[in-house]
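Asker: Turn this into a model:
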Amino acid sequence: MGIKKIYMDEINDLSKKCLPCNGKLSNLSDAEIGQMLINLPKWQNLKNKIYKEFNFQTYMAGIDFCNYIAQVAEKQDHHPDLEVKYKRVNIFLSTHKTDGITLNDIILANKIDAVYNLFFND
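Answerer: Model (predicted):
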């Protein structure tokens, strides 16, 4: 698990960290979201949240993915909604305090993609 911990530390240090939800964080416009999602393949804007489906070889790989995401989310203090369906994990990101999509959701989506690409993308 040592090497995986090193990679997880790197993922948590990826360029940006989620900002505190202290009233200064504002929702992104649809145009801003669209522009940012260009760099996040297969993430979709679903009005007040962004969504992506991840597929796995086994059920347990999806569960392992959820556990890695939980570690990243806890360090970022920004938590996605996870839906496990056999060999698939659906992730929904929104900022609950603003009832919309903020920069934090984009930052966390980048980190989630990094976890998937590093550990699960064959």
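Asker: For the closest residue to residue 55 other than its chain neighbours, name its beta-bridge partners.
Answerer: Setting aside the residues directly before and after it, residue 55 is nearest to residue 88 in space (C-beta to C-beta, 6 or more residues apart in numbering), at 5.5 Å. Backbone N, C-alpha and C define where each C-beta goes, glycine included. The residues listed as beta-bridge partners of residue 88 by DSSP bridges are residue 55, residue 85.
Asker: In contact with residue 88, which residues?
Answerer: 53, 54, 55, 56, 62 (C-beta atoms under 8 Å, 6 or more residues apart in numbering).
Asker: quick check, nearest of those to residue 114?
Answerer: Distance to residue 114 across these (C-beta to C-beta) is lowest for residue 54, with 12.6 Å.
Asker: Kindly tell me how buried that closest one is, as a neighbour count.
Answerer: Using other C-beta atoms under 10 Å, residue 54 has 22 neighbouring residues.
Asker: I'd like the contacts of residue 88 laid out as TSV, including distance to residue 33 and pLDDT.
Answerer: Output for these, formatted as TSV (distance: C-beta to C-beta, whole Å; pLDDT from 0 to 100):
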residue	distance to residue 33	pLDDT
53	18	98
54	20	97
55	24	96
56	27	96
62	26	96
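Asker: now these: which count as buried?
Answerer: Among these, those classed as buried by 16 or more other C-beta atoms under 10 Å are 54, 56, 62.
Asker: In CSV, list these along with distance to residue 69.
Answerer: Formatted as CSV, those follow (distance: C-beta to C-beta, whole Å):
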residue, distance to residue 69
54, 9
56, 13
62, 10
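Asker: Give the buried residues for stretch 43-61.
Answerer: Of the residues in stretch 43-61, those buried (16+ other C-beta under 10 Å) are 43, 49, 50, 51, 52, 54, 56, 61.
Asker: Quick check, the first one in contact with residue 54.
Answerer: No: in terms of C-beta atoms under 8 Å, residue 43 does not count as a neighbour of residue 54; the distance is 10.9 Å.
Asker: residues contacting residue 113?
Answerer: Listed by C-beta under 8 Å, 6+ apart, the contact set of residue 113 reads 40, 41.
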